[in-house]
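*Asks:* need a structure here:
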Amino acid sequence: MVDFSLTEEQREVRDWVRTFVRKEIMPLEPEVLRRERSGQPGIEPSEMRELQLKAKESGFWGVLTPEEYGGMNLGAVMAALLESELGRSFVPFRFGGSADNILFYANDEQKETYLKPTIAGDRKSCFAITEPGAGSDARAIRATARRDGDDWVINGEKTFITGGNEADFTMVFAVTDKENGAVTCFLVDREMGWKSQPIATMGEWGPAALTFDNVRVPHRNILGEEGRGFELAMRWIGQGRYLLPARAIGACERLLEMGIDYARTRETFGLPIAERQAIQWMIADSAVEIEALRWLVLHAAWQVDQKMDSRQAQSMAKLYGGVKANEIVDRVLQIHGGMGYTRELPVERWYRELRLLRIYEGTDEIQRRTIARNLLKGHASVSGVLG
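*Replies:* Okay, here's the model as predicted:
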């Protein structure tokens, strides 16, 4: 018989994070909403840092970072559980002590300059591959890097770059061999000349447009190998697609709890709307979908921990999570009626935020293409991992 329960350690870690979210993060929600609605950042970098250091006092630092760099190295399943707990609040908190996974491919000198300061929280990075004409198709990159002596000269534009407005260095991908379509990744400090411009969006996600106009970068700043940037890009993109729907689990749980509470107290024609079958079906469908999403996410994370090829499972979790999270928040808004549409409650805020999940780090269409191709080419089976 298969034991699907969590280990004692997993429960203890999850429960600590759940308490941390309830005591330290949720109380910030009213002020975060007030700031965002007045056009201010929801949470200041100094406030984020203070929260991260408070968590660090209890040992929570670098959830997926190797122990040799001072991290916890908890593994994918534990990371998914923790991300789910963090998702129960819309305050954009993340534990400190982490760095982009491809930074670990840096050489010793680069690790001292970029990786270790990023883990320590002294430097901020961003991953720059998306372009106006190259979104999910990384092979359509138009940014170029031309060799000039011991330097490379980069020209091009990147768009929708997460953290691009705050980063002091970027991992930018540019074509270094047009004839063969070879792409190389460069570590480029802001002081080398690239510029960023905020992009206004319907949600609180604040991406940036990055411009490179004859930006000179030393040859030693190549990350990995020259011409092998596409492989690094795929490692970054595939590092943790399961973490996005994992965070959505927490958001959907909180939203459904709000919907249930409201349904119990809101009366129409003499009865709570919780007595209406239409409302009950919304609640039932949402509960089933949350549980299904939980298992899809944990299954994908388990495959990552087992060093299995988890791309199919992660694409399934990402696709299902994006679609169902949007359906669930829409139902919860409907349960609240006009109140759900107002800014009196955070439902509309979550509505805008969760819409991004169907686009960010691989659109629904890309996930469907990946899933179908794997099945059609025999790389995956409809029988799944137990088949």
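*Asks:* sec struct for Lys158, please.
*Replies:* Here Lys158 is recorded as strand under DSSP: H, G, I helix; E, B strand; the rest coil.
*Asks:* just the strands in the stretch 51-200 of the chain please.
*Replies:* 125-128, 144-148, 151-161, 169-177, 182-189, 195-198 (DSSP state E, counting those that start in this stretch).
*Asks:* Mean pLDDT and mean neighbour count added to those, as TSV?
*Replies:* Every residue, glycine included, has its C-beta placed from N, CA and C. Formatted as TSV, those follow (pLDDT from 0 to 100; neighbours: other CB atoms under 10 Å):
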stretch	mean pLDDT	mean neighbour count
strand 125-128	95	25
strand 144-148	97	16
strand 151-161	96	20
strand 169-177	96	24
strand 182-189	97	23
strand 195-198	96	14
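*Asks:* any idea which helix is longest in the chain?
*Replies:* helix 277-305 (DSSP state H).
*Asks:* So for it, mean pLDDT?
*Replies:* The average pLDDT within helix 277-305 is 97.
*Asks:* Show me what counts as buried in it.
*Replies:* By 16 or more other CB atoms under 10 Å, the buried positions in helix 277-305 come out as 279, 282-283, 286, 289-290, 293-294, 296-304.
*Asks:* what's the answer for stretch 246-266, then?
*Replies:* In stretch 246-266, counting by 16+ other CB under 10 Å, buried: 246-256, 258-260, 262-263, 266.
*Asks:* Restricting to C-alpha, output it in PDB.
*Replies:* Extracted C-alpha coordinates of stretch 246-266, given in PDB (Å, rounded to 0.1, in the frame of the first residue of the first chain):
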ATOM      1  CA  ALA A 246       2.100  25.500  -6.300                       C
ATOM      2  CA  ARG A 247       1.700  29.100  -5.300                       C
ATOM      3  CA  ALA A 248      -1.700  29.100  -7.000                       C
ATOM      4  CA  ILE A 249      -2.900  26.300  -4.700                       C
ATOM      5  CA  GLY A 250      -2.500  28.600  -1.600                       C
ATOM      6  CA  ALA A 251      -4.300  31.500  -3.400                       C
ATOM      7  CA  CYS A 252      -7.200  29.200  -4.400                       C
ATOM      8  CA  GLU A 253      -7.500  27.800  -0.900                       C
ATOM      9  CA  ARG A 254      -7.700  31.200   0.600                       C
ATOM     10  CA  LEU A 255     -10.100  32.400  -2.000                       C
ATOM     11  CA  LEU A 256     -12.400  29.500  -1.600                       C
ATOM     12  CA  GLU A 257     -12.400  30.000   2.200                       C
ATOM     13  CA  MET A 258     -13.400  33.600   1.600                       C
ATOM     14  CA  GLY A 259     -16.200  32.400  -0.700                       C
ATOM     15  CA  ILE A 260     -17.500  29.900   1.800                       C
ATOM     16  CA  ASP A 261     -17.500  32.400   4.600                       C
ATOM     17  CA  TYR A 262     -19.400  34.900   2.500                       C
ATOM     18  CA  ALA A 263     -21.900  32.300   1.300                       C
ATOM     19  CA  ARG A 264     -22.700  31.500   4.900                       C
ATOM     20  CA  THR A 265     -23.500  35.100   5.900                       C
ATOM     21  CA  ARG A 266     -25.000  36.600   2.700                       C
END
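*Asks:* Distance from it to the middle of the chain?
*Replies:* Relative to its parent chain, stretch 246-266 has a centroid offset of 21 Å by CA atoms, centre = their mean, to the nearest Å.
*Asks:* Secondary structure of Ile366: a helix, I assume?
*Replies:* Yes - per three-state DSSP, Ile366 lies within a helix segment.
*Asks:* ranges for the strands of the stretch 251-387 of the chain?
*Replies:* Using DSSP E, counting those that start in this stretch, the strands of the stretch 251-387 of the chain run over residues 267-268, 271-272.
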